Structure formats: structure tokens, C-alpha cells
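>>> Give the three-dimensional model of this entry:
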Amino acid sequence: MIHRPIPCRITSIVDEAIDRKTITVKAPEIAEKALPGQFIMVWIIGVDEIPMGISHIGGDEISFTVHRIGDATTALHEKRVGDIIGVRGPYGNGFKITGRKPLIIGGGTGMAPLMPLIEKMIEMEMDVTVINGAKTKRELLFLKKLQNWHVEGKIKLIVTTDDGTYGIRAMASDIVEQVIKNKGVDEVYVCGPEKMMVKIFNITERMNVHLQASLERYMKCAIGICGSCTLDPLGLRVCKDGPVFPSEVLRSISEFGRYRRNASGIKEAI
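Numbering: from 1, shown residues only. Got it, this is the predicted structure:
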């Protein structure tokens, strides 16, 4: 992995949804090592360095999907094709592919780091079911790509929106139990708002189905030194021991679904 930011040229920018863009950069040193579920650190000169989940791995390029919510993400949204940004990584443990009938659940921007996992499972000809959920149609990510895969028979796609503007009117967590029963799911992979993930975790625990969840915490170094992303009470580091954690570890993380720490280390309710 690369521990110093390397200058990477932006080769593509795609508007995915409202306030959400996918940025692709040429980064062969990172692309050849990256695995589904890992993340990179993106340096915007003069602004900040922030972690971003990898949403596509292909050839000598990687992509990440940016939700505009602060100074750094706004600066990324203002970039143009040909601009240079700093990138280092990849970091983290990524997803472990097990079973034959996986259920992939993405909530909002949480769909982004699940996309390389889905692509890998399609390559492996697995029986993949995907739930793509968001508050409203305008916030659904990768809808056209997922629909194409569904039509081609590569995945089974279920879309939910909280307000019913597209697909089933429900939260993704509302339909998980029925989908697990109907599809014979043997492994669940989830990324999204933590309140959603803890609901899904509780369902899978009750149904005795194994789960892997990708967590998000404030982090700066990404190499396990600063301790800003540690989880109570085990002291696990999201950047090194995660960001993906399995059921057996989530059971022991007391802050899961309850709180996280801000940049000053102060607990904030989720």
C-alpha cells in the first residue's frame, strides 16, 4: 500500500444523484492492490485529507463516490477532469466472500463501497440479491447500472425509498427478514447509516445468518497510529481492523448503533 499521497489525475466525473458524484482517477499502484470494501485517503491540497470508500476498481483506475456535506467534499465536487488530487492506500481489511447466496444491502451513499463486491460476485457467478435503499429517488446511487445487471440476470435487485418515490415504499431494513427467507440467504453484507445497519444486524442475529458491516468513523492517519477511529470497548481501529466487521465482532462493540466520536474525541449520539 502507498502511505504517502501520490498525485493522481482525474479521468472521469459522473453525477450519480443529488449532491453525489463519482470521481475516477488513474492510480495503477493502488488499483492493482485494492480489494472490495477497502478505502483510500484523498488529499485535496490546501483543504483536507479524508477517507473515501472505493466504488470501482478497473485496470489502472479506481473510483470513489463523494457525497457533498462539508468543505473537503465540496472541494472535490468542484474538481474537473484533468485536475490532480493526492491519493494513498488502499487501507482496511475489505469484505470476505463466503457462501453462495449473498444479500447486499446499501443505504444511501453506503451503496458505493459495495459496488466492487457486487462486481466480484458477478464474476464468481454467485446468486446475488441486492437491496438499494435511499430516502428518496433523487438519492439512489448506481440505479441504472444495477437495473442493467438485473435485466441481464446477473443480480436480483430490490429498490426501496422511504418516501415511495421509487420502488417499494419502505426502509431497506423493513424488508430484510422476508428477503432472507425468500432467497435462502447465507451471508449478508451491509453499508449505510449505522442505525439502519444495527437494525439489520439484530435481524440477522435472530435468524442466525452471518453478517459483515462496513463502519465509518472519524479518522486521520489510516494506518492505526492516531487512535481517532477506535471502537469501544475493544479498542479496535476502523482503519486497520476494519472498516468491515463480522457478526462475531459486532456483538462486542458497545458503541455500534449508539454513538461515535468526533474530531475532538467527544462521544456523539448516532
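
>>> can you give me the helices for the stretch 51-200 of the chain?
Shown for the stretch 51-200 of the chain, the helices assigned by DSSP state H, counting those that start in this stretch span residues 71-77, 115-123, 143-151, 176-183, 194-207.

>>> Nearest to Y259, out of those helices?
Closest approach to Y259 among the helices of the stretch 51-200 of the chain (Cβ to Cβ): helix 194-207, 9.5 Å. Yep, even glycine has a C-beta here, placed from its N, CA and C like the rest.

>>> what residues does the closest one touch?
Contacts to helix 194-207, defined as Cβ atoms under 8 Å, 6 or more residues apart in numbering, come from residues 105, 107, 133, 171-173, 176-177, 180, 188, 190-191, 210-211, 213, 215-216, 247, 250-251, 256-257, 260, 270.

>>> got the contact list for Y91?
Counting by Cβ under 8 Å, 6+ apart, Y91 makes contact with 1, 38-41, 51, 222-223, 239-240.

>>> what bridges to I44?
Counting by DSSP bridges, I44 is bridged to D48.

>>> quick one, what contacts it?
Residues near I44 by Cβ under 8 Å, 6+ apart: 50, 72, 75-76, 85-86.

>>> Is it possible to get TSV of the helices of the stretch 51-200 of the chain that adds distance to E32?
Output for these, formatted as TSV (distance: least, Cβ to Cβ, whole Å):
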stretch	distance to E32
helix 71-77	24
helix 115-123	14
helix 143-151	23
helix 176-183	34
helix 194-207	30
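
>>> Looking at those helices, which is nearest to G235?
Comparing the helices of the stretch 51-200 of the chain under Cβ to Cβ, the one sitting nearest is helix 194-207, at 18.8 Å.

>>> what residues does the helix or strand following the closest one touch?
Next along the chain after helix 194-207, taking DSSP states H and E as the criterion, comes strand 211-214. Contact with strand 211-214 is made by 37, 53, 95-96, 110, 113-114, 187-191, 197, 200-201, 204, 242-247, 250, as judged by Cβ under 8 Å, 6+ apart.

>>> Tell me the spacing between V87 and W149.
Between V87 and W149 the computed distance is 27 Å (Cβ to Cβ, to the nearest Å).

>>> Quick check on those two: which one has the bigger neighbour count.
Taking neighbours as other Cβ atoms under 10 Å, V87 and W149 compare with V87 leading, 24 against 19.

>>> quick revisit: please indicate which of the contacts of strand 211-214 are buried?
Buried subset of the contacts of strand 211-214 (neighbour count, 16 or more other Cβ atoms under 10 Å): 37, 53, 95, 110, 113-114, 187-191, 197, 200-201, 204, 242-247, 250.

>>> what sits against the residue positioned nearest the centre of the chain?
The structure's the chain has its C-alpha centroid closest to P113; by Cα atoms, centre = their mean the separation is 3.1 Å. Going by Cβ under 8 Å, 6+ apart, P113 touches 36-37, 39, 53-55, 191, 214.

>>> The nearest residue to M52 once chain neighbours are set aside - how many residues pack around it?
The shortest distance from M52 to any non-neighbouring residue, by Cβ to Cβ, 6 or more residues apart in numbering, is to F64 (4.0 Å). F64: 22 surrounding residues under other Cβ under 10 Å.

>>> so F64 sits right up against Q38, yeah?
No. Counting by Cβ atoms under 8 Å, F64 stays clear of Q38, with 10.9 Å between them.

>>> re the thing from before, go through the buried ones among the contacts of strand 211-214 and flag which are in strands.
Residues from those lying in strands, with DSSP state E as the criterion: 53, 187-191, 244-246.

>>> sorry, back to before: now the helices of the stretch 51-200 of the chain as TSV including mean pLDDT and distance to R9?
Supplementary listing: the helices of the stretch 51-200 of the chain in TSV, determined by pLDDT from 0 to 100; distance: least, Cβ to Cβ, whole Å:
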stretch	mean pLDDT	distance to R9
helix 71-77	98	14
helix 115-123	98	21
helix 143-151	98	24
helix 176-183	98	41
helix 194-207	98	34
